[in-house]
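Q: Just the structure for this:
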Amino acid sequence: MNPTVLTILLLSLGLGTTLTFIGSHWLLVWMGLEINTLAIIPLMISQHHPRAVEATTKYFITQATASALLLFAGITNAWTSGEWSLIEMINPTSATLATMALALKIGLAPLHFWLPEVLQGLDLTTGLILSTWQKLAPFAILLQLYPLLNPELLLFLGVLSTIVGGWGGLNQTQLRKILAYSSIANLGWMITILHYTPNLTLLNLILYILLTLTTFLLFKTFNSTKINSIASSTTKSPLLSIITLLTLLSLGGLPPLSGFLPKWLILQELAKQNLFILATIMALTALLSLFFYLRLCYATTLTMNPSPTNMMTSWRTNINYLITPLLSSATLSILLLPLTPMILMLVS
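A: Numbers count the residues shown, from 1 in each chain. As a prediction, this is how the structure comes out:
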């Protein structure tokens with residue numbers, strides 16, 4: 001892609017998210033979401049591959065539906081209350097419509113149907129943007145609206161997302177689809193606790209972006225999109241294969257790694273709210289997610305390429321430009337748990 005066009009698209013992505021962050025008017029917020037959506041579509045279709053075209057078409061139709069539903073919610077609230085302000089949503093119907101529209105935008109179950117298929121049709125770089133940056137604007141709206149939203153609906157969407165995300169990733173062999181179901185499960189954890197402790201939702205979102213960034217960078221470094229192809233990572237770089245193992249276990253929420261921190265705090269908060277059954281269900285669904293992460297760990301560190309090469313390969317001589325950001329994000333993805341007291345002080 002032309003560097004000038006790429007720069008314009010990336011700046012448009014930043015502009016759309018910034019408009020949503022600073023906006024308090026429904027039309028301004030909706031405009032930011034639309035700029036965000038239209039800016040990523042050329043990046044998605046830039047491969048000129050049939051799968052990329054299919055993924056882009058699905059993404060556009062889904063996001064257009066969600067945007068129309070969100071705009072309808074804002075107009076309905078303005079019609080009944082006379083207020084266009086984002087935090088003046090007093091109409092319960094508008095609040096429910098806005099919740100479902102944002103759930104469709106980020107891919108919460110049962111509105112998750114588009115996310116695995118779209119992510120599978122993209123390259124790893126665009127998939128990383130879709131899994132991380134594109135979640136910021138909808139969550140900015142949710143964090144402003146959380147006192148006005150229906151807590152039962154949020155709990156239903158969150159628990160169902162953790163179940164679907166854990167169950168759907170069990171029989172997958174494509175790494176991008178596994179990461180899509182991982183995203184659905186992690187978003188479910190965030191939405192479940194949103195009404196009670198939004199600071200924990202923000203903390204979980206930050207750690208999810210950090211872990212997902214590390215995982216995508218590792219797969220891009222190995223140039224792997226399937227479980228079978230990641231088996232050669234040990235022969236390419238033993239150190240990076242160990243980092244991959246620890247990052248995947250952290251993404252699954254296994255102590256004493258960083259990913260255990262948000263799950264631990266969320267289950268503790270649910271117990272304080274006397275939601276013991278929901279906390280038990282979510283803890284059990286975390287085991288489903290941990291199972292397919294362990295499958296990836298097994299393929300990464302305990303298997304080897306069945307046909308090793310005897311000639312000098314390119315990875316021994318090339319210096320990868322991803323190593324510096326990868327090691328920085330991997331360190332934070334693995335070693336943040338001892339800093340829990342300081343992190344709680346920052347988010348409280």
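
Q: longest helix anywhere in the chain?
A: helix 50-81 (DSSP state H).

Q: Now the element after that one, going C-ward?
A: Later in the chain than helix 50-81, the nearest helix or strand by DSSP states H and E is helix 92-106.

Q: related to what we said a few turns ago, pLDDT (mean, whole number) over the longest helix of the chain?
A: Helix 50-81 carries an average pLDDT of 93.

Q: list the buried ones in that helix?
A: For helix 50-81, burial by neighbour count (16 or more other C-beta atoms under 10 Å) applies to 52, 55-56, 58-60, 62-63, 66-67, 69-71, 73-74, 76-78. (C-beta placed from N, C-alpha, C; glycine too.)

Q: With stretch 171-183 instead?
A: Those would be 172, 175-183, for stretch 171-183 by 16+ other C-beta under 10 Å.

Q: what's that stretch in contact with?
A: Residues outside stretch 171-183 that contact it (C-beta atoms under 8 Å, 6 or more residues apart in numbering) are 107, 115-116, 118-120, 122, 124, 127, 131, 164-166, 168-169, 208, 212, 215-216, 219, 224-228, 230, 251, 289, 292-293, 296.

Q: change it to 7 Å
A: Stretch 171-183 is touched from outside by 107, 115-116, 119-120, 127, 131, 165, 168-169, 215, 219, 224-227, 230, 251, 289, 292, with contacts defined as C-beta atoms under 7 Å, 6 or more residues apart in numbering.

Q: ditto for stretch 26-43
A: Contacts of stretch 26-43 (C-beta under 7 Å, 6+ apart): 9, 12-13, 15-17, 19-20, 23, 56, 60, 63, 67, 70-71, 74, 78, 84, 86, 126, 129-130, 134, 137, 141.

Q: how about a cut-off of 8 Å?
A: 1, 5-6, 9-10, 12-13, 15-21, 23, 56, 59-60, 63-64, 67, 70-71, 74-75, 77-78, 84-86, 105, 126, 129-130, 134, 137-138, 141.

Q: do the same with stretch 330-346
A: Taking C-beta under 8 Å, 6+ apart as the rule, stretch 330-346 contacts 203, 207, 210-211, 214, 218, 243, 246-247, 250-251, 255-261, 265.

Q: for it, the distance to its chain's centre please.
A: 19 Å (C-alpha atoms, centre = their mean, to the nearest Å).

Q: Can I get it as PDB, trimmed to CA atoms?
A: Below are the C-alpha coordinates for stretch 330-346, written out as PDB (Å, rounded to 0.1, in the frame of the first residue of the first chain):
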ATOM      1  CA  ALA A 330       6.100  -9.900  26.600                       C
ATOM      2  CA  THR A 331       7.800  -8.800  29.800                       C
ATOM      3  CA  LEU A 332       4.600  -6.900  30.900                       C
ATOM      4  CA  SER A 333       2.400  -9.800  29.800                       C
ATOM      5  CA  ILE A 334       4.200 -12.200  32.100                       C
ATOM      6  CA  LEU A 335       5.500 -10.400  35.200                       C
ATOM      7  CA  LEU A 336       2.800  -7.900  36.300                       C
ATOM      8  CA  LEU A 337       1.200 -10.000  39.000                       C
ATOM      9  CA  PRO A 338       3.600  -9.000  41.800                       C
ATOM     10  CA  LEU A 339       2.700  -5.400  41.100                       C
ATOM     11  CA  THR A 340      -1.000  -6.000  41.900                       C
ATOM     12  CA  PRO A 341      -1.200  -3.600  45.000                       C
ATOM     13  CA  MET A 342       0.300  -0.700  42.900                       C
ATOM     14  CA  ILE A 343      -2.000  -1.400  40.000                       C
ATOM     15  CA  LEU A 344      -5.100  -1.400  42.300                       C
ATOM     16  CA  MET A 345      -4.000   1.900  43.700                       C
ATOM     17  CA  LEU A 346      -3.700   3.400  40.200                       C
END
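
Q: Tell me the buried residues in that stretch?
A: For stretch 330-346, using 16+ other C-beta under 10 Å, the buried residues are 330, 332-334, 336-337, 343.

Q: follow-up on the earlier one: tell me which of the contacts of stretch 330-346 fall in helices.
A: If you go by DSSP H, the contacts of stretch 330-346 have 203, 207, 210-211, 214, 218, 243, 246-247, 250-251, 260-261, 265 in helices.

Q: what about the chain, any weak spots by pLDDT?
A: By pLDDT under 70, the weakly predicted segments of the chain are 304-321.

Q: just the strands in it please.
A: Per DSSP state E, the chain carries no strands over any range.

Q: before we move on, back to that, buried subset of the contacts of stretch 171-183, written for PyMOL?
A: Filtering those down to the buried ones (16+ other C-beta under 10 Å) takes a single PyMOL command:
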select buried, resi 107+115+116+119+120+127+131+165+168+169+215+219+224+225+227+230+251+289+292
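
Q: So which of the contacts of stretch 171-183 sit within helices?
A: 115-116, 119-120, 127, 131, 165, 168, 215, 219, 251, 289, 292.

Q: can you pull the contacts of Leu130?
A: Going by C-beta under 8 Å, 6+ apart, the list of residues near Leu130 reads 40, 44, 59, 118-119, 122.

Q: which pair in those residues spans the largest distance?
A: Spatially, the most separated pair among those is Ile40 and Leu119, at 12.4 Å (C-beta to C-beta).

Q: Nice, that's everything, thank you.
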